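Student: Requesting a structural model of the entry that follows:
(chains A, B, C and D)
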Number of protein chains: 2
Amino acid sequence: MYLSQPLATMGSRAPRSTDTVYARLKQHILDNRYPPGAQILESEVAAALNASRTPVREAFVRLQQEGLLEIVPRHGVRISALSPDDMREIYEVLMSLEPTAVELLAARRPDRTELESLITSCDAMEAALAGEPDLQAWAAADEAFHLNLARLCGNKRLAAMIMQVWDQAHRARMFTLSLRPLPVRSTEEHRAVLDAILAGDVERARSIYHAHRKRGGNELTTIIEKHGIQRL
Amino acid sequence: MYLSQPLATMGSRAPRSTDTVYARLKQHILDNRYPPGAQILESEVAAALNASRTPVREAFVRLQQEGLLEIVPRHGVRISALSPDDMREIYEVLMSLEPTAVELLAARRPDRTELESLITSCDAMEAALAGEPDLQAWAAADEAFHLNLARLCGNKRLAAMIMQVWDQAHRARMFTLSLRPLPVRSTEEHRAVLDAILAGDVERARSIYHAHRKRGGNELTTIIEKHGIQRL
DNA sequence: GCATCCAATAATGTATACGTTAATCGATGC
DNA sequence: GCATCGATTAACGTATACATTATTGGATGC
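Tutor: Sure, this is the predicted structure:
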């Protein structure tokens, strides 16, 4: 056996500028460094990320399709801002897709090994609330739980769709994190879903999860209304 | 009041090359002119559509995110081919999203005027089967019904997701159209869903639709297995 | 003083040029 | 005769140049 390419690049082809621009832009948006409603020019991003406009434009196209920004012809892009109506849409989608994902996963009768990432996330959520609450840590564990659930369901399309709307709502979730009551109930529900999956109880897993999502949506809607938030 | 731009271009800014390339490429793929598995070069498309590589690349990115093709670095693109497993994924997604769309629509208590496009499609499906069956016409009406249902549900994200997977499955549906029994039952189910929506019976609408989708998925799966189809 | 027009400018949309990578094919050495 | 190496080539990935369009500010005419 011989090498078909130089050792230096084996398995690690040079990363494309397009990909790094995409990743960094997305990170900036999710981290609220480019806040919702912000107008950005191609040349700004190109200069900031040390690339030419070509890869920046390709990254814009991808991010637009993911709903994180909007290309305004002749005017660069505008970072998407979520209205209360957008939040309703997102939660309706999640209430449809996520219970399905849970159902598919539970139906496969996975063992504890397969569910290790979920167990870890559950533990982390509980740990984040024991003693002095650490909301950032809790949110990270919550996110990990849901994304891993999507990944484990055995349907790549379903998983991609869940992650896409989850990303769209990321900033809103972070923003409202400190405005909502301590997520004790939410943490319990995660554990209950996990138990139902392990028990192979498809219907129970689905219904708990659906209720969990519905409660979360209502909670968020209440907060948004109470604070009169229009865009986030 | 005066004109802010020449009359000739009022409301109709010059269409971007990117958009026409995207639309024509997508049409080609859905029409099976670029068959699944086909490898295409940027320069081929650029030459065929009389554009430069830049807009072609942007169209590729959009179509990749829609799942209609895959960008193979340094090797152009490959038109996506659906495996039986992909079909399973698509039907799982549709079985999750479409009943939700129906539920949302029915809950709004729409009147006959609002549902006109659905009524028209139902009529067209029945007409296509009365007398000498016209499968092409039936399929077009079926597609119109489902896409309009998605549009009417009041959730743009949900609608976009439904249309996306529907597009992915378009060729497969066309291909199996003549292999399946006459869609008499399917046509009746559409009418039943429509009646349930008009009656404002949310739960009945959802359950009929879910059953409809499930039966359709099983039917397709059976056909795929029976004919030993691996990619389409 | 106000509206209109024009010119300058800035940013996008598209084309093209350049550099890099990977594959192919022939030559060479064992 | 086979494997390996190298050169050629073809295609992509990126940068840049050019064309197009929309906006803005100032000048002009009424």
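Student: quick one, what contacts the residue nearest to A:Leu105 when sequence neighbours are not counted?
Tutor: Leaving aside its sequence neighbours, A:Leu105 sits nearest to A:Cys153 (CB to CB, 6 or more residues apart in numbering or on different chains; 4.8 Å). Heads up, the C-betas are built off the backbone N, CA and C, glycines and all. For A:Cys153, the contacting residues are A:100-102, A:104-105, A:159, by CB atoms under 8 Å, 6 or more residues apart in numbering or on different chains.
Student: how close does A:Cys153 get to DNA strand C?
Tutor: 33 Å (CB to the nearest atom of the strand, to the nearest Å).
Student: Counting neighbours, what do you get for the residue nearest to A:Arg24 when sequence neighbours are not counted?
Tutor: Spatial nearest neighbour of A:Arg24, chain neighbours left out: A:Leu49 (5.9 Å); criterion: CB to CB, 6+ apart. The number of residues packed near A:Leu49 is 17, by other CB atoms under 10 Å in any protein chain shown.
Student: Check the one 4 residues further on too.
Tutor: Summarising burial for A:Arg53: neighbours were counted as other CB under 10 Å, giving 14.
Student: Might you report the residue contacts of it?
Tutor: Taking CB under 8 Å, 6+ apart as the test, what A:Arg53 contacts is A:42-43, A:46.
Student: now do 6 Å
Tutor: Counting by CB atoms under 6 Å, 6 or more residues apart in numbering or on different chains, A:Arg53 touches A:42, A:46.
Student: Could I get the pLDDT score of the residue lying closest to A:Pro183 once chain neighbours are set aside?
Tutor: Nearest residue to A:Pro183 in three dimensions, chain neighbours excluded: A:Trp138, at 6.1 Å (CB to CB, 6+ apart). Note for A:Trp138: predicted pLDDT of 98.
Student: for A:Trp138, phi and psi?
Tutor: phi -60, psi -50 (degrees, to the nearest 10).
Student: thought it was touching A:Glu126?
Tutor: No. Counting by CB atoms under 6 Å, A:Trp138 sits too far from A:Glu126 to count as a contact (9.2 Å).
Student: In terms of packing, which of the two has more residues around it?
Tutor: For A:Trp138 versus A:Glu126, the count of surrounding residues by other CB under 10 Å is larger for A:Trp138: 21 against 16.
Student: what's in contact with the helix or strand hosting A:Ala47?
Tutor: If you go by DSSP states H and E, A:Ala47 is part of helix A:42-49. Here helix A:42-49 makes contact (CB under 6 Å, 6+ apart) with A:21, A:24, A:52-53, A:56, A:76.
Student: Tabulate those residues (CSV), appending secondary structure and pLDDT.
Tutor: CSV is the format used below for the contacts of helix A:42-49 (DSSP: H, G, I helix; E, B strand; the rest coil; pLDDT from 0 to 100):
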residue, secondary structure, pLDDT
A:Val21, helix, 97
A:Arg24, helix, 97
A:Ser52, coil, 97
A:Arg53, helix, 97
A:Val56, helix, 98
A:Gly76, coil, 93
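Student: which of the residues you listed are close to DNA strand C?
Tutor: The residues of these that also fall near DNA strand C, by CB under 7 Å from any atom of the strand, are A:53, A:76.
Student: Are any of the contacts of helix A:42-49 buried, and if so which?
Tutor: Buried by 16 or more other CB atoms under 10 Å in any protein chain shown: A:21, A:24, A:56, A:76, out of the contacts of helix A:42-49.
Student: And the helices in chain A, which stretches?
Tutor: Listed in chain order, the helices of chain A (DSSP state H) span residues A:17-30, A:42-49, A:53-65, A:84-107, A:116-129, A:135-152, A:156-176, A:184-198, A:202-226.
Student: possible to save those as TSV with distance to B:Gln65?
Tutor: As requested, these are exported to TSV (distance: least, CB to CB, whole Å):
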stretch	distance to B:Gln65
helix A:17-30	11
helix A:42-49	19
helix A:53-65	4
helix A:84-107	17
helix A:116-129	26
helix A:135-152	17
helix A:156-176	10
helix A:184-198	30
helix A:202-226	25
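Student: With B:Ile119 as the reference, name the closest of those.
Tutor: Nearest to B:Ile119, of all these, is helix A:84-107, at 25.0 Å by CB to CB.
Student: With just CA atoms, put the closest one into PDB.
Tutor: Output in PDB follows, covering the C-alpha atoms of helix A:84-107 (Å, rounded to 0.1, in the frame of the first residue of the first chain):
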ATOM      1  CA  PRO A  84     -43.500  36.700  18.800                       C
ATOM      2  CA  ASP A  85     -45.200  35.200  15.800                       C
ATOM      3  CA  ASP A  86     -41.900  33.600  14.700                       C
ATOM      4  CA  MET A  87     -41.500  32.100  18.200                       C
ATOM      5  CA  ARG A  88     -45.000  30.700  17.800                       C
ATOM      6  CA  GLU A  89     -44.000  29.100  14.500                       C
ATOM      7  CA  ILE A  90     -40.800  27.700  15.900                       C
ATOM      8  CA  TYR A  91     -42.600  26.100  18.900                       C
ATOM      9  CA  GLU A  92     -45.300  24.600  16.600                       C
ATOM     10  CA  VAL A  93     -42.600  23.000  14.500                       C
ATOM     11  CA  LEU A  94     -40.700  21.700  17.500                       C
ATOM     12  CA  MET A  95     -43.900  20.400  19.100                       C
ATOM     13  CA  SER A  96     -44.400  18.400  15.900                       C
ATOM     14  CA  LEU A  97     -40.900  17.200  15.200                       C
ATOM     15  CA  GLU A  98     -39.400  16.500  18.600                       C
ATOM     16  CA  PRO A  99     -42.000  14.100  19.900                       C
ATOM     17  CA  THR A 100     -41.700  12.200  16.600                       C
ATOM     18  CA  ALA A 101     -37.900  12.000  17.200                       C
ATOM     19  CA  VAL A 102     -38.500  10.700  20.700                       C
ATOM     20  CA  GLU A 103     -41.000   8.100  19.400                       C
ATOM     21  CA  LEU A 104     -38.600   6.900  16.800                       C
ATOM     22  CA  LEU A 105     -35.800   6.600  19.300                       C
ATOM     23  CA  ALA A 106     -37.900   4.800  21.900                       C
ATOM     24  CA  ALA A 107     -39.200   2.400  19.300                       C
END
